[in-house]
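In: Any chance you can model this:
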Amino acid sequence: MRYPKRHSLLFRLACEGLRLTLLLFAAFIAACLVLAPFGGVAQSEELIYTALPFFTRLVVPLLSLLAIAIVYESLT
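Out: Residues are numbered from 1 along each chain as shown. Modelled structure (predicted):
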């Protein structure tokens, strides 16, 4: 019995990185939502504006890596 061909290491790393980034972003949003009812709306808003460039800088290379992995997978 033959096992199905697994995806390349590059594709698996890109998917895992995007999954972990999504979990980190969800936890960040949950923390901001918990902070808001306790009078931390201004701090929460400032924290969001500060953290969004971090998430953007994290997601853009991961999406580029995923695109490279998809092209590599289609060529092999």
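In: Test my guess that residue 43 contacts residue 36.
Out: No: counting by C-beta atoms under 8 Å, residue 43 stays clear of residue 36, with 9.1 Å between them. Using the backbone N, CA and C atoms, a C-beta is placed for each residue, glycine as well.
In: Can you check which residues contact both of these two?
Out: By C-beta atoms under 8 Å, 6 or more residues apart in numbering, residue 43 and residue 36 have no common neighbours.
In: Report all helices and strands that the top helix by length along the chain contacts.
Out: What stands out as the longest helix in the chain, according to DSSP state H, is helix 41-75. Helices and strands touching helix 41-75, by 3 or more C-beta pairs under 8 Å, 6 or more residues apart in numbering; DSSP states H and E, are helix 9-35.
In: burial measure for residue 32, as a count.
Out: Residue 32 is flanked by 17 other residues according to other C-beta atoms under 10 Å.
In: Setting the sequence-adjacent residues aside, check what's closest to it.
Out: residue 44 (4.5 Å; C-beta to C-beta, 6 or more residues apart in numbering).
In: pLDDT wise, what is that neighbour at?
Out: Here, the pLDDT recorded for residue 44 equals 84.
In: ok, the residue nearest in space to the middle of the chain to residue 33 distance?
Out: Geometric centre of the chain, nearest residue: residue 21, 2.6 Å, by C-alpha atoms, centre = their mean. Distance, residue 21 to residue 33, using C-beta to C-beta, to the nearest Å: 19 Å.
In: try residue 68
Out: 35 Å.
In: Pick out whichever of these two has more residues nearby.
Out: Each of residue 68 and residue 33 has its neighbours counted (other C-beta under 10 Å); residue 68 has more, 13 against 10.
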